[in-house]
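> Structure for this input, please:
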Amino acid sequence: MSVERVLWEQDATGLAELIHKGEISPAELTEAAITRAEATRPEINAIAEPLYDAARARAKTVDRKLPLAGIPFAIKDLGIVMKGVPVHGGSRIPAFTADFNSVMTERYLAAGLVPIATSTTPEHGLRLMTESAAFGVTRNPWNTGHTTGGSSGGAAALVAAGVVPVAHASDGGGSIRVPSACTGLVGLKTSRGRVPLTPLVSESWYGMVVDHAVTRSVRDCALLLDLTHGPDPLSPYAARPPKGSFTAAAARDPGRLNLAVYRGSPLGLPISSETLKALDTAVALVREGGHSVEEIDLPYIGRDFIADFARTVAAAVAGAMRGEAERVGRSVSGDVERATRVLGRLGEMLSAGEVYAGVQRLHSAARRLISETTQYDAVLMPIIAHPPLACGAMDPKGADEFIENVLDKLHLTPLLKIKPLFGQLMDKSLWFTHWPSIQNVSGQPSIALPVHVTDAGLPLGIQAAGRPGDEETLLSLAAQMEKISGWQARRAPLMVP
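Have a look, this model is predicted:
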């Protein structure tokens with residue numbers, strides 16, 4: 001069997017075992033990953049910066065005793081830095097090249113991982129499809145006419161295509177979970193404060209952004225979290241320490257859990273029959289695992305909640321654009337995409353008082369959510385309202401494009417103060433995915449589970465959201481569902497070695 005075939009078949013834990021036994025070398029595995037990265041690159045377009053020479057050099061010297069020694073890895077081109085590697089953030093703004101590593105980068109290297117590339121993202125992670133003017137369209141290895149989701153779409157494409165078994169990802173409004181749902185992967189949005197974003201930033205999007213990974217298996221998700229979690233001295237938040245290792249949690253029987261399922265749409269928008277079928281599949285799996293399931297509603301998580309979230313993100317984008325302008329010494333308005341520019345102008349238009357009041361309303365809703373669902377070990381709910389969309393499906397067209405152009409060129413962003421117009425823009429932006437921002441606001445962990453494949457052969461995952469700081473229960477439940485379903489053996493059909 002070729003090394004590329006082994007890479008394509010195995011998860012990171014299995015590959016590390018082969019390296020520890022001496023059956024395969026880090027150099028061989030890295031070369032196979034680079035070969036596959038280049039072979040699939042024209043098809044999926046998931047690489048922002050190739051790091052091949054550095055990867056080859058590291059593979060020759062990495063300590064084979066490290067837990068993930070020699071495992072090929074990708075780092076997202078957003079919100080994290082690796083010394084000497086340009087970070088574009090999916091944008092045409094001049095890249096930032098740091099002379100230091102993020103804490104998470106140091107932890108990845110200390111685990112033995114070998115970064116072979118940075119992965120694509122939409123501009124500043126703002127779209128839930130990985131398509132940008134700077135890097136083009138990232139495509140789904142299950143069907144290259146369809147999206148990988150976003151914003152960690154490049155990471156998901158590389159893992160789903162068998163280029164790397166795990167990849168760094170981040171999530172501010174679903175950006176780990178949406179790509180996982182689109183590409184048949186496991187994706188854990190961690191609790192707020194579980195892993196640090198320092199020293200690049202203390203927090204991002206008012207504490208709503210977290211980092212972790214997209215993986216092929218639950219055990220990989222758990223192992224990587226064991227190797228990277230915990231605050232550093234610069235961290236503003238710290239999640240509740242786990243009772244044991246996350247790996248042990250994923251390996252044990254969860255016992256009988258009390259679960260809930262939420263089928264509604266916070267936006268009141270249509271949900272496809274395939275999404276509901278995926279949710280039914282998840283419910284059937286947990287019932288087979290011996291757990292109780294109760295249907296619930298979340299009436300206080302509605303359009304006003306999502307609108308406050310959207311305005312908060314707009315304010316964060318406005319601030320980020322100011323920071324970028326200061327960094328490059330000029331306005332970056334002409335560098336960014338139209339949608340980013342309009343969103344940033346909306347953020348500039350909002351007063352500090354409006355933003356603060358919105359954040360407080362979000363926190364109030366989150367406290368209620370946590371209090372009223374604490375009786376449940378996890379709540380199942382959708383991630384995406386429809387199967388993975390065709391590439392370009394969320395580009396504004398016709399009247400929508402005209403409105404966005406008018407808002408941009410005539411500087412008519414103040415019109416977004418009109419609630420119906422703002423609501424229309426919000427629906428156009430979020431009709432594909434209604435739910436993930438809930439846990440970004442509440443700080444709860446939530447794991448994407450690849451429970452379903454449509455008749456058209458496209459993955460469609462759902463999520464299980466847990467209590468704050470309780471990734472252990474989620475990992476234990478997810479591992480049980482993985483064992484029952486056998487989803488870990490599924491592979492995208494792209495270029496099977």
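> Assumed P468 was part of a helix.
No - assignment of P468 by DSSP: H, G, I helix; E, B strand; the rest coil gives coil, placing it outside any helix.
> My guess is it contacts Q439. True?
No - contact between P468 and Q439 fails when scored by CB atoms under 8 Å: they sit 9.7 Å apart. The way it works is simple: take the backbone N, C-alpha and C, and place the C-beta from them, glycine included.
> Need the overlap of contacts for these two.
Here P468 and Q439 have P445 as joint contacts, going by CB atoms under 8 Å, 6 or more residues apart in numbering.
> who's more crowded, the two?
Q439 (29 against 18; other CB atoms under 10 Å).
> Name the SS class of that one, please.
Following three-state DSSP, we place Q439 in the helix state.
> any idea how far E4 is from it?
To E4, Q439 is 36 Å away according to CB to CB, to the nearest Å.
> residue farthest from the centroid of this protein?
Distance from the centre of the chain peaks at L410, with 34.2 Å (CA atoms, centre = their mean).
> Now the spatially most central residue of the chain, what are its backbone angles?
Closest residue to the average C-alpha location of the chain: I176 at 1.3 Å, with CA atoms, centre = their mean. Phi and psi for I176, reported as degrees, to the nearest 10, are phi -100, psi -40.
> which residues does it contact?
With contact set as CB under 8 Å, 6+ apart, I176 has these partners: S152, A169, S170, G187, L188, K189, H212, A213, V214, A448.
> For those residues, which two are the farthest from each other?
Maximum pairwise distance in the contacts of I176, criterion CB to CB, is 13.8 Å, between S170 and A448.
> list the helices and strands the helix or strand of the chain with the lowest mean pLDDT packs on?
The helix or strand of the chain with the poorest confidence is helix 399-409; it has a mean of 83 (mean pLDDT, DSSP states H and E). Counting by 3 or more CB pairs under 8 Å, 6 or more residues apart in numbering; DSSP states H and E, the packing neighbours recorded for helix 399-409 are helix 338-349.
> Show me which residues of the helix it packs on are buried.
Using 16 or more other CB atoms under 10 Å as the burial criterion, the residues of helix 338-349 that qualify are A339, T340, R341, V342, L343, G344, R345, L346, G347, M349.
> try stretch 364-377
For stretch 364-377, the neighbour count (16+ other CB under 10 Å) marks A365, A366, L369, T373, Y376, D377 as buried.
> Show the low-confidence segments of the stretch 1-150 of the chain, by residue range.
Judged against pLDDT under 70, the stretch 1-150 of the chain has no low-scoring part.
> Between the contacts of I176, identify the one with the most neighbours.
Most neighbours among the contacts of I176, by other CB under 10 Å: S152, with 38 neighbours.
> Could you check which helix or strand contains the spatially closest residue to that one that is not a sequence neighbour?
In space, and not counting its chain neighbours, S152 is closest to A169: 3.6 Å by CB to CB, 6 or more residues apart in numbering. Using DSSP states H and E, the element containing A169 is strand 166-171.
> Run me through the strand neighbours of that strand, direction for each.
Using DSSP bridges, strand 166-171 pairs in its sheet with strand 210-215 (antiparallel).
> ok, residues contacting the strand it pairs with?
Contact partners of strand 210-215, identified using CB under 8 Å, 6+ apart, comprise 11-12, 79-80, 104, 152, 155-156, 159, 165-172, 176, 179-180, 183, 185-192, 194-195, 197, 220-221, 224-225, 228, 440.
> Give me the mean pLDDT for stretch 344-356.
Across stretch 344-356, the average pLDDT comes to 95.
> any idea how far the residue farthest from the centre of the chain is from R345?
From L410 over to R345 (counting by CB to CB), the distance is 11 Å.
> what does V87 give?
Distance of V87 to R345, computed by CB to CB: 24 Å.
> all strands of the stretch 101-250 of the chain, in order?
Using DSSP state E, counting those that start in this stretch, the strands assigned to the stretch 101-250 of the chain run over residues 114-119, 131-132, 136-137, 139-140, 143-147, 166-171, 186-189, 210-215.
> so which of those strands is the most packed in?
strand 186-189 (a mean of 32; mean count of other CB atoms under 10 Å).
> What helices and strands are in contact with it?
Short answer (3+ CB pairs under 8 Å, 6+ apart): strand 186-189 packs on strand 166-171, helix 177-183, strand 210-215, helix 218-228, strand 446-453, helix 471-485.
> helices or strands next to the second one in the packing?
Using 3+ CB pairs under 8 Å, 6+ apart as the contact criterion, the neighbours of helix 177-183 among helices and strands are helix 153-160, strand 186-189, strand 210-215, strand 446-453, strand 459-466.
> Kindly report the same for the fifth one.
In terms of contacts (3+ CB pairs under 8 Å, 6+ apart), strand 446-453 is packed against helix 177-183, strand 186-189, helix 273-288, strand 459-466, helix 471-485.
> go on, the longest one?
Secondary-structure packing of helix 471-485 (3+ CB pairs under 8 Å, 6+ apart): strand 186-189, helix 218-228, helix 246-251, helix 273-288, strand 378-382, strand 446-453, strand 459-466.
> Direction included, what does the helix or strand following the fourth one pair up with?
Helices and strands here follow DSSP H and E; after helix 273-288, the next one along the chain is strand 292-296. Pairing partners of strand 292-296, with direction, according to DSSP bridges: strand 258-262 (parallel).
> what angle separates the partner strand from helix 273-288?
170 degrees (axes from the mean of the first three to the mean of the last three CA atoms, to 10 degrees).
> Residues contacting strand 258-262, please?
With contacts defined as CB under 8 Å, 6+ apart, strand 258-262 is touched by 279, 282-283, 286, 291-298, 373, 375-381, 464, 477.
> which stretch among the helices and strands packed on helix 177-183 comes nearest S272?
strand 459-466 (8.7 Å).
> for that closest one, packing partners?
In terms of contacts (3+ CB pairs under 8 Å, 6+ apart), strand 459-466 is packed against helix 177-183, helix 273-288, strand 378-382, helix 437-442, strand 446-453, helix 471-485.
> Direction included, what does it pair up with?
Here, using DSSP bridges, strand 459-466 pairs with strand 378-382 (antiparallel), strand 446-453 (antiparallel).
> Now do it: distance to the chain's middle.
Centroid displacement of strand 459-466 relative to its chain, using CA atoms, centre = their mean, to the nearest Å, is 12 Å.
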